[in-house]
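Peer 1: Structure here, sequence nowhere to be found:
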Ligand code: BGC
């Protein structure tokens, strides 16, 4: 499968080369450290920064105090920082930079890309569902579990830094990286990212892995991503695009954050003063900022803005360039010291100095735990969008089931199979047709589960619509698998399904009144056939355990707990970025696409609320096999706008099956705040048996990073709570309020 990303092969080769070099070296203590011998205090002589009794900052300072300028500068470049025994590095342009050997006792560090699973692992690793699936679980326990499992995959396959998770705000559903991100809401995305970071960094005490949260900031489109400027007001930056990062930072401490390719208001992200003023200053980020590949455009402006490390080989952050900037008085020694300190401190704090990776790789890192995490995410992230006439769950009355569609089967048809939708496309040299070798195909799982009910299953790959129609006609129930591929490097151009999927579904639905559609897509799609089918499941890209998870859901052995983390619009024309000026932007005389974020705060569900546009399916939406009722809402506290507000209510399972539900709390601020619609300010997941009820209390912290009852006031550059009436609503999605109560604040 071709993928329009220039240079992707080359970059991936280099990553692999880096891994190979590092693995050859393999251990924390380089030859110099070993020669130095062990000190009497338990750490190698001459390496006081290896004293684990000291805190990370003290250790980093000890190391830097023993370093020459060029040794400090090594930390400012990924390759030089991470390969302590290597002294010369050649960039893509062919320039070779040499450094002195690093001080002793510094670790080999290997970065791996991984939003969804450890990329280029060189070992058989578990392929988890894509990140949008993780967002759809609304479960921070699962996000932690995924981080923990993935860290194990990383460490054991010779990687101790994960470049992920990713955050964005879903400004356009066409963004090719939507499946790699955690949905359109700052609170949901920020909370999921934090839990995953905590799992990555703290989940395996003896196998530490550091996380690099990315891509800061407003990295909302792949179209022209290297030459576009996201132009927005300060209020929009603060309230929308900085918010998920700020929330993630309030709940976790990623070692690094990656700045993005795009410009924000005319300055490239990696040399934008907001790195220092907003991210490190206001948000209090303690780690280091590293660049995306080739996202650096300067030496002094980048250092001044707060970029600490250049990714890959030195181009702008070579010792010669930095020395020239120092000589010209464009940067100061204290900036260089700070950049080096941030990198070293993060590596030490994340445990990378104290836990060398093994140089012997296992053939697989898959464990029962990692596979069960992959299955759980696929199961809990799948969203039931439609279920009329109790088409689902399937069971004895379903009769013969015709499974239709290429992605149901592990056997490729025209190059497409269950592996294709295992996870998102990525320009890492990964071939989606073969890189999910352990995939459990839905067809196999459905066939064996159906047999338990005495049902038979037929299969048609759907490539010939007439043949699919015949298969659908001769069965009582039709289950059609449809897909749309996307990933890094390109945006989608429409909301249509790939592989003639819309036509296939229409034809099958016309032939069989009991048609259920399983969508495997990374983002929203239009559903022109929605009225003609009985059931629709959004399964996203469900990873290697997809078959097991889907069979359980379809046959009702498990309930659907997934809820949409993005709005599904009825059409592209309904979306907030429908003009060319807004997306993909208008090219200026310098070849930069100027992208007007003129919709301001009206992003995601807030746009639909504010504009009174009914989406196809709202944010937060998802059906279940049981029904819930909500009662007894009470809002207490917070009248002064400063202390906690407690919102309590009771949820009852009125149905006949056990289920897990996620009540969502939204708040509408008074009109003086000038906020569009309402915002998610809390949610909680509870499991209830039939007839069981439970009181839920959601605490809203007015002073928390989410700023739930404030707006960003640009005249004072601070968050302000407007005096007035605040309406709290408990809902099953962003557009369905079940309970509501208004309170006066201040
Ligand atoms: C992506 C980053 C990724 C890097 C390394 C870039 O193209 O934007 O997310 O971490 O490549 O693979």
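Peer 2: Received, thanks. Remember, it's a predicted structure, so these values are computed and weren't measured experimentally.

Peer 1: And for residue 729, nearest residue in space, chain neighbours not counted?
Peer 2: Spatial nearest neighbour of residue 729, excluding adjacent residues (Cβ to Cβ, 6 or more residues apart in numbering): residue 737 at 4.0 Å. For the C-beta atoms, the positions are set from N, CA and C on the backbone; glycine is no exception.

Peer 1: Report the contact partners of that neighbour.
Peer 2: 666, 729-731 (Cβ atoms under 8 Å, 6 or more residues apart in numbering).

Peer 1: Tell me, how many residues neighbour residue 608?
Peer 2: The tally of other residues near residue 608 (other Cβ atoms under 10 Å) stands at 24.

Peer 1: next one: residue 442
Peer 2: Close neighbours of residue 442, defined as other Cβ under 10 Å, add up to 29.

Peer 1: picking that back up, mind putting the contacts of residue 737 into TSV with distance to the ligand, secondary structure and neighbour count?
Peer 2: Shown next, in TSV, are the contacts of residue 737 (distance: Cβ to the nearest ligand atom, whole Å; DSSP: H, G, I helix; E, B strand; the rest coil; neighbours: other Cβ atoms under 10 Å):
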residue	distance to the ligand	secondary structure	neighbour count
666	31	strand	25
729	36	strand	21
730	37	strand	25
731	34	strand	22
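
Peer 1: In the residues you listed, find the pair that's most separated.
Peer 2: Distance extremes for the contacts of residue 737: the farthest pair is 666 and 730 at 8.0 Å, using Cβ to Cβ.

Peer 1: shouldn't residue 75 be in contact with residue 337?
Peer 2: No: using Cβ atoms under 8 Å, residue 75 is not in contact with residue 337, being 10.2 Å away.

Peer 1: what about the helices in the stretch 151-300 of the chain?
Peer 2: Assigned by DSSP state H, counting those that start in this stretch, the helices in the stretch 151-300 of the chain fall at 186-202, 234-236, 243-251, 274, 300-305.

Peer 1: swap in the stretch 301-450 of the chain?
Peer 2: In the stretch 301-450 of the chain, the helices defined using DSSP H, counting those that start in this stretch lie at 319-327, 333-349, 368-381, 442-452.

Peer 1: of all those helices, which lies closest to residue 64?
Peer 2: Distance to residue 64, taken as Cβ to Cβ, is lowest for helix 333-349 among the helices of the stretch 301-450 of the chain, at 5.8 Å.

Peer 1: That closest one - contacts with which helices or strands?
Peer 2: Here helix 333-349 touches helix 56-65, helix 69-74, strand 288-291, helix 300-305, helix 319-327, going by 3 or more Cβ pairs under 8 Å, 6 or more residues apart in numbering; DSSP states H and E.

Peer 1: Single out the most deeply packed of the ones you listed.
Peer 2: Highest mean neighbour count among those (mean count of other Cβ atoms under 10 Å): strand 288-291, with a mean of 28.

Peer 1: residues in contact with that strand?
Peer 2: Contacts of strand 288-291 (Cβ under 8 Å, 6+ apart): 78, 212, 216, 255-259, 270, 275, 279-280, 302, 306-311, 339, 342-343, 346.

Peer 1: Tell me which of these fall in strands.
Peer 2: 212, 216, 256-259 (DSSP state E).

Peer 1: ok, so of the residues you listed, who is nearest the ligand?
Peer 2: Nearest to the ligand out of the ones in strands among the contacts of strand 288-291 is residue 258 (Cβ to the nearest ligand atom; 6.4 Å).

Peer 1: Local confidence estimate at that closest one?
Peer 2: If you check residue 258, the pLDDT there is 98.

Peer 1: next one: residue 21
Peer 2: We have a pLDDT of 30 for residue 21.

Peer 1: Enumerate every residue touching the residue of the stretch 501-650 of the chain found nearest the ligand.
Peer 2: Distances between the stretch 501-650 of the chain and the ligand by Cβ to the nearest ligand atom are smallest at residue 522, namely 15.2 Å. By Cβ under 8 Å, 6+ apart, residue 522 lies in contact with 130, 132, 178-180, 424, 484-487, 540-541.

Peer 1: And residue 421, by the same measure?
Peer 2: By Cβ under 8 Å, 6+ apart, residue 421 lies in contact with 407, 483, 485, 520, 541-542, 546.

Peer 1: Which positions in the stretch 101-250 of the chain make contact with the ligand?
Peer 2: Residues of the stretch 101-250 of the chain lying close to the ligand by Cβ under 6 Å from any ligand atom are 113, 163, 214.

Peer 1: Need those residues in CSV (columns: pLDDT and neighbour count).
Peer 2: Formatted as CSV, these follow (pLDDT from 0 to 100; neighbours: other Cβ atoms under 10 Å):
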residue, pLDDT, neighbour count
113, 92, 24
163, 97, 24
214, 98, 27
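
Peer 1: Return the subset of the residues you listed lying in strands.
Peer 2: Using DSSP E, 113, 163, 214 are the members of these that sit in strands.

Peer 1: Same list (these) but as TSV, adding distance to residue 688.
Peer 2: Shown next, in TSV, are those (distance: Cβ to Cβ, whole Å):
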residue	distance to residue 688
113	39
163	39
214	37
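
Peer 1: quick one, which of residue 75 and residue 337 is more surrounded?
Peer 2: Higher neighbour count among residue 75 and residue 337: residue 75, with 29 against 16, using other Cβ under 10 Å.

Peer 1: nearest to residue 635, of the residues of the stretch 101-250 of the chain next to the ligand?
Peer 2: residue 214 (37.1 Å).

Peer 1: correct me, but that closest one touches residue 168?
Peer 2: No: contact status for residue 214 versus residue 168: not in contact, 9.7 Å apart, counting by Cβ under 8 Å.

Peer 1: which regions of the protein lie under the pLDDT threshold?
Peer 2: The model of the chain has pLDDT under 70 over residues 1-41, 427-434.

Peer 1: any idea how far the most centrally placed residue in it is from the ligand?
Peer 2: Residue closest to the average C-alpha location in the chain (Cα atoms, centre = their mean): residue 181, at 3.3 Å. Using Cβ to the nearest ligand atom, to the nearest Å, we find residue 181 at a distance of 11 Å from the ligand.

Peer 1: Now for the residue nearest to that residue when sequence neighbours are not counted: which residues touch it?
Peer 2: Closest residue to residue 181 apart from its sequence neighbours, by Cβ to Cβ, 6+ apart: residue 168 at 4.4 Å. Each residue near residue 168 by Cβ under 8 Å, 6+ apart is listed here: 175, 177-178, 181, 189, 215, 219-220, 244.

Peer 1: Noted, bye for now.
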